[in-house]
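A.B. asks: Task: produce atomic coordinates for the following.
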Amino acid sequence: MCNRARFTGEPETLFASTGKLFDERPRENTFNPKELRPKSRNYVVREQDGVRGWDVMSWDVLGGKAPWPMTNVRNLHLPQWRKLAERPGNRCLVPLTEFCEWTPDKHDLGDGKPPLKGEMWFAVTDQPTFAVAGFWQETTGGRGFTMVTCDPNELVAPIHPKAMIAILAPEDHDQWLQGSYDEIVALQKPYPAKLMTVRGPVFPTRGKGR
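C.D. replies: Numbers count the residues shown, from 1 in each chain. Now for the predicted structure:
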């Protein structure tokens, strides 16, 4: 499931946010929110004291307390995830412009090097920047977030048959951030395949596409 994505934007009034940053934007060179990878710091949208604004969090909701970064959550009925799901203050929107899944099989590129999996990049045609359902919490390493996943649609399933990220329609943003537990669980569903595109496979580590 998705462990790499992109957001080619900056904090602004997307998703009815105020454009406010709850914490100061990191200044050092290692901060690159345009390329989302596990443990990287990225922008999310959340609500605090009745204000919807932006924050910077690490993409690992457990803050390094598991053997691998907890970047995706599927079973919202598990006690540790239900605790977050039930609290509107721990929900967030993760802004993306595209997300990646790797091909199931490796490709021989005919360059004399070992075959490798290609990157397949998915985007949403009716939303140049789209919101993914997410949760966040305070950890010993700072604030961490995760993306919620669901069943894949017919575009994603051939590449990743187990799951896809839960993309929200614009009219569902308020419900995700403010709704009841049952209301947000109802939003954990695949986005319509007819409103999505895919490109690839591409092989950036080899400096060529296919």
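
A.B. asks: And the residue nearest in space to the middle of the chain, how far from residue 116?
C.D. replies: Among the residues of the chain, the one closest to the centroid is residue 147, at 4.8 Å (CA atoms, centre = their mean). As defined by CB to CB, to the nearest Å, residue 147 lies at a distance of 25 Å from residue 116. Glycine gets a C-beta too; all of them are placed from N, C-alpha and C.

A.B. asks: Where does pLDDT dip in the protein?
C.D. replies: Applying pLDDT under 70 to the chain flags the ranges 1, 207-210.

A.B. asks: buried stuff in stretch 181-199?
C.D. replies: 184, 187-188, 190-191, 193, 195-196, 198 (16 or more other CB atoms under 10 Å).

A.B. asks: residue furthest from the geometric center of the chain?
C.D. replies: Here, in the chain (CA atoms, centre = their mean), the farthest residue from the centre turns out to be residue 112, at 35.1 Å.

A.B. asks: Quick check: that one is in a helix.
C.D. replies: No. Under DSSP: H, G, I helix; E, B strand; the rest coil, residue 112 falls outside any helix and is assigned coil.

A.B. asks: how close does it get to residue 65?
C.D. replies: Using CB to CB, residue 112 is found at 43 Å from residue 65.

A.B. asks: Provide the secondary structure category for residue 84.
C.D. replies: Here residue 84 is recorded as helix under three-state DSSP.

A.B. asks: and it, what does it touch?
C.D. replies: Shown in contact with residue 84 (CB atoms under 8 Å, 6 or more residues apart in numbering): 61, 90-91, 135-137.

A.B. asks: and residue 138, what element?
C.D. replies: strand 130-139 (DSSP states H and E).

A.B. asks: Quick one: end-to-end length of stretch 114-134, please.
C.D. replies: 37 Å (CA to CA, to the nearest Å).

A.B. asks: from the middle of its chain, how far away would it be?
C.D. replies: Chain-centre distance of stretch 114-134: 10 Å, with CA atoms, centre = their mean, to the nearest Å.

A.B. asks: Would you map the strands across this protein?
C.D. replies: All strands of the chain, identified by DSSP state E, fall at 5-6, 35-36, 41-48, 51-58, 72-73, 91-96, 98-107, 116-124, 130-139, 142-150, 164-165, 167-168, 196-203, 208-209.

A.B. asks: Of those, give the one that comes closest to residue 156.
C.D. replies: strand 164-165 (4.3 Å; CB to CB).

A.B. asks: gap between the closest one and the chain center?
C.D. replies: Taking CA atoms, centre = their mean, one finds strand 164-165 lying 8 Å from the centre of the chain it belongs to.
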